[in-house]
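Q: Sequence and predicted model, in that order:
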Amino acid sequence: MLFGKRTPGETAPAYKSRMSIVKYIFEVVLGLRPRLRWNDPWARKTPGTMEQSSAAVRARLKISGRVQGVYYRASAVQQAQFLGLTGWVMNCADGSVEAVAEGPRSKIEELIAWCRQGPAGARVASVEVQWEAAQNAFHGFSVKR
């Protein structure tokens, strides 16, 4: 492609639909999906499963600040699923968000780092963490109501 115009015989990029590319861009802008460098094969991360090699732990998180009404829970679910964690996240009556996550400590620490930032509209004031022994009581990561 030369200056945005196709040369004879050159085909257009193959996207499944316009909405799929718009959704992808939207997720990258919101920080729900990492930016990938397409020429770097090691940058292509796929959603993981719980790693069996490292010991699983449980973390109970209390996130306070402007974290309700800004797509925080849904974004946290997507991030936790991407990391291969199990557990739940829910809104609290005091305006905070509570989450319980189980999995390898390194992956939970990645989730905690993400929770300190949150999605684009969130203003996180603090993240309190309580470490516990894993109970393997969850299947997947979901929003608890």
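A: On my side now, so go ahead.

Q: For stretch 102-111, buried residues please.
A: 102-104, 107-108, 110-111 (16 or more other Cβ atoms under 10 Å). Bear in mind the C-beta positions are built from the backbone N, C-alpha and C, glycine included.

Q: Phi first, then psi, for the closest residue to residue 119 other than its chain neighbours.
A: Leaving aside its sequence neighbours, residue 119 sits nearest to residue 75 (Cβ to Cβ, 6 or more residues apart in numbering; 4.2 Å). With angles defined as degrees, to the nearest 10, residue 75 sits at phi -70, psi -40.

Q: Cross-check the contact I'm expecting between residue 75 and residue 117.
A: No - counting by Cβ atoms under 8 Å, residue 117 is not a contact partner of residue 75; they are 10.0 Å apart.

Q: State the paired neighbours of whatever helix or strand residue 63 lives in in the sheet, together with their directions.
A: Residue 63 belongs to strand 56-66 when assigned by DSSP states H and E. Within its sheet, strand 56-66 is paired with strand 97-104 (antiparallel), strand 123-133 (antiparallel), according to DSSP bridges.

Q: how far away is residue 88 from residue 58?
A: In this view, residue 88 and residue 58 are 11 Å apart by Cβ to Cβ, to the nearest Å.

Q: do residue 140 as well
A: In this view, residue 140 and residue 58 are 15 Å apart by Cβ to Cβ.
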